[in-house]
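1. Need a 3D model of the sequence below.
(chains A and B)
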Amino acid sequence: MIVEQIMKRNVIKILDSSTINEAHELMNANRVRHLPVVNETDDLVGIISDRDIRDARSSVFDTEEHLDYFANPVSKIMITDVITAHPLDFVEDVSSMFYEHNIGCLPIEEDDKLVGIITETDILHTLVQLMGAHQPSSQIEVLVENIAGMLAEIATIIKKRNINITSVLVYPSQDLEKKVLVFRLQTMDPRGVISDIEREGYKVLWPNLPGMSL
Amino acid sequence: MAKLTGDVIMKNAAFIYSEEQQTYKFSNDHPFNQKRLDLTYDLLGKCNALKPEDIIPPRLATDEELLLIHDKEYVNAVKLASKGELRPSMATSYGIGTDDTPMFPNMHEAAALLVGGTLTAVDLVMSGSYLHACNLSGGLHHGFKGRASGFCIYNDSSIAIEYMRKKYNARVLYVDTDAHHGDGVQWAFYDDDDVCTLSIHETGRFLFPGTGNVNERGSGKGYGYSINVPVDAFTEDESWIHAYKTSLREVADFFKPDVILTQNGVDSHYYDPLTHLCSTMEIYREIPKLAHEIAHEYCGGKWIAVGGGGYDIWRVVPRAWSMLWLEMTDNQIGTGSLPGEWLKRWQKDAPVELPTTWEDPSPLYPEIPRKKEISEKNSLTLEKALSHLRNEKEKLRKRED
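-> The predicted model follows:
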């Protein structure tokens, strides 16, 4: 699964010349905790989080003082060293970036333009997890009906080849009547088992690409 | 071409070969088929590119040499399997008797001969008799300390590297251009700063063995000495060559090796049935060219080349491996038509039509959808792969200023 399949394209963002107050309101209105900051030509120049805004405001005990702080442009407090990802990055890799850098959101850039965003919550919602393949293995993806017993059916075909399964994931499919089964198999040559699966009438999504004969 | 170094006449390149290398055979229909060695040998012969004096037969690796990398229990298990005496329940835990690496009679001897071939190449180069040497039967980069994996029983490259370190006290740069990640060699030297491994391969997201991500950089004092450039499926020549040239140049400049060992798997080609890259014969012209340059620039010419994967044994492997030898011997003939005699001899056995020229026809395959995005993603991957090394160089530069 790649980032563009789960990223939000409709990004709530702010111009670098806008005030901190505007940023604060935009966050509250959209219930988001991060705002990518762009310039006039939509290039990503920074990011601002609810915590940055909290740091910029004065203490809760002197609410009436220093209101002018919030009139500063966001460019004054934004973080400019932004960690970003690409639409073709794998969701698994990107989730480990969240973990490694301890960040809450990741703007997605293509050709230096902001094209999307994913947050920790998106990652959790898609229930992505690393493959957990501790043994050398190849991955295959099989499209099956969303009914009971499919995993067992495919596993039986694999068993007949005497191939060890390293890990299994069940991905939802865009078609609600289908599911995608993802297997990591302990073999360097999965061709035999793939043709067995296809012979039984199942569709192998990977390895395969529309328009390519391999 | 002989070169004079001191009092000794140094010969240019040695080709390690004997018919016994064919004994490494799992079964008739197994994709790892050493007939490709004969096809290559014959192609070079028919081109008059291989002289009898270039050919050196491989020796058998000793147990002591195998134990430089492998566990004693594992070597013993292979020996038992060799005689058909290993219990299946035991075999599984050693990774043998599987579909990938089935047992076959005398498998220990066959595998030890491939290792011995690489060690023969090493000794010829490190002793100063030859500038370069190649053992196309080697390159079994998936073999682990105590386990066979991915068609590989003993890991000849790991053994050769450890052998060079112990016997010749050499800093070794290992460059792996097989479409599969060179995991066995990487893990063997993961915490070592005297061995640098560079692997350029198809991303492990789908392809065996699944490892070789950019963030596998080594550990402990070896941190920064494992470099991985996983390229996307359907990567084509231009993007692949960019990744290769940029990474190898920068890694060599960073590491400054005493000797370079290249693993020349040739399974990134569009025709290869096990992988999903879309390279053509062009990359197999470029790979040895730069390796050759690097060897002369940093290592006084010391370059050992081994084979590796390559599962289109008719159309891809003989041409690609021949180009490696042609580069090693500064031979320019690898363009235009292939010798008619070679085609005549093998076409009747081949299940596919053999190519008639060194180059692939153009276009070789239909246009790849999303070519631009794939190239862009590969460039970013390359940047990430080299980021640590570039930072280190920058730190060094600042310190020197």
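2. which residues does the closest residue in space to A:Pro136 that isn't next to it in sequence contact?
-> Spatial nearest neighbour of A:Pro136, chain neighbours left out: B:Pro209 (3.1 Å); criterion: C-beta to C-beta, 6 or more residues apart in numbering or on different chains. For glycine as for every other residue, the C-beta is placed from the backbone atoms N, C-alpha and C. By C-beta atoms under 8 Å, 6 or more residues apart in numbering or on different chains, the contact set of B:Pro209 is A:Pro136, A:Ser137, A:Met188, B:His142, B:Ser149, B:Gly150, B:His180, B:His181, B:Asp183.
3. nearest to A:Glu200, of these?
-> A:Ser137 (21.5 Å; C-beta to C-beta).
4. To which secondary structure element is B:His242 assigned?
-> Counting by DSSP states H and E, the element that carries B:His242 is helix B:237-255.
5. now swap in B:Ser375 and tell me
-> With DSSP H and E as the test, B:Ser375 turns up in helix B:371-400.
6. other SSEs contacting that helix?
-> Other helices and strands packing on helix B:371-400, by 3 or more C-beta pairs under 8 Å, 6 or more residues apart in numbering or on different chains; DSSP states H and E, are strand B:226-231, helix B:237-255.
7. Report the mean per-residue pLDDT for it.
-> On average, the pLDDT along helix B:371-400 is 95.
8. what inclination does the helix holding B:His242 have with respect to strand B:226-231?
-> 170 degrees (axes from the mean of the first three to the mean of the last three C-alpha atoms, to 10 degrees).
9. ok, and does helix B:237-255 reach over to chain A?
-> No: Helix B:237-255 does not reach chain A (C-beta under 8 Å from any C-beta of the partner chain); its nearest approach is 12.8 Å.
10. Summarise which helices and strands that helix is packed against.
-> So helix B:237-255, by 3+ C-beta pairs under 8 Å, 6+ apart, packs with strand B:172-176, strand B:195-202, strand B:226-231, helix B:281-298, helix B:371-400.
11. and B:Val306, which of these is closest to it?
-> Among the helices and strands packed on helix B:237-255, if distance is taken as C-beta to C-beta, the winner is strand B:172-176, at 9.7 Å.
12. quick check, the closest one touching chain A?
-> No: Strand B:172-176 lies apart from chain A when judged by C-beta under 8 Å from any C-beta; the minimum separation is 14.7 Å.
13. partner strands of that strand, parallel or antiparallel?
-> Here strand B:172-176 has these sheet partners by DSSP bridges: strand B:195-202 (parallel), strand B:259-263 (parallel).
14. Indicate which one of these is closest to B:Arg397.
-> Taking C-beta to C-beta, strand B:195-202 is the member of the strands paired with strand B:172-176 nearest to B:Arg397, at 19.6 Å.
15. quick one, strands of the chain?
-> As the question left the chain open, I've gone with chain A. A:14-15, A:34-38, A:44-49, A:105-110, A:113-119, A:138-145, A:165-172, A:178-185, A:203-206 (DSSP state E).
16. oops, chain B please
-> Remark: strands assigned in chain B by DSSP E are B:3-5, B:8-16, B:55-56, B:130-135, B:172-176, B:195-202, B:226-231, B:259-263, B:303-306.
17. Please work out which of the ones you listed is packed deepest.
-> For the strands of chain B, the largest average neighbour count (mean count of other C-beta atoms under 10 Å in any protein chain shown) is found in strand B:303-306, namely a mean of 30.
18. which residues are in contact with that strand?
-> Counting by C-beta under 8 Å, 6+ apart, B:118, B:121-122, B:125, B:131-139, B:156-157, B:160, B:259-264, B:288, B:291-292, B:295, B:324, B:328 sit against strand B:303-306.
19. Give me the sheet partners of it and which way each runs.
-> strand B:130-135 (parallel), strand B:259-263 (parallel).
20. could you list every residue that touches the closest residue to chain B within chain A?
-> As assessed by C-beta to the nearest C-beta, chain B sits closest to A:Pro136 within chain A, at 3.1 Å. Neighbouring residues of A:Pro136 by C-beta under 8 Å, 6+ apart: A:Gln186, A:Met188, B:His142, B:Ser149, B:Gly150, B:Asp183, B:Phe208, B:Pro209, B:Gly210, B:Thr211.
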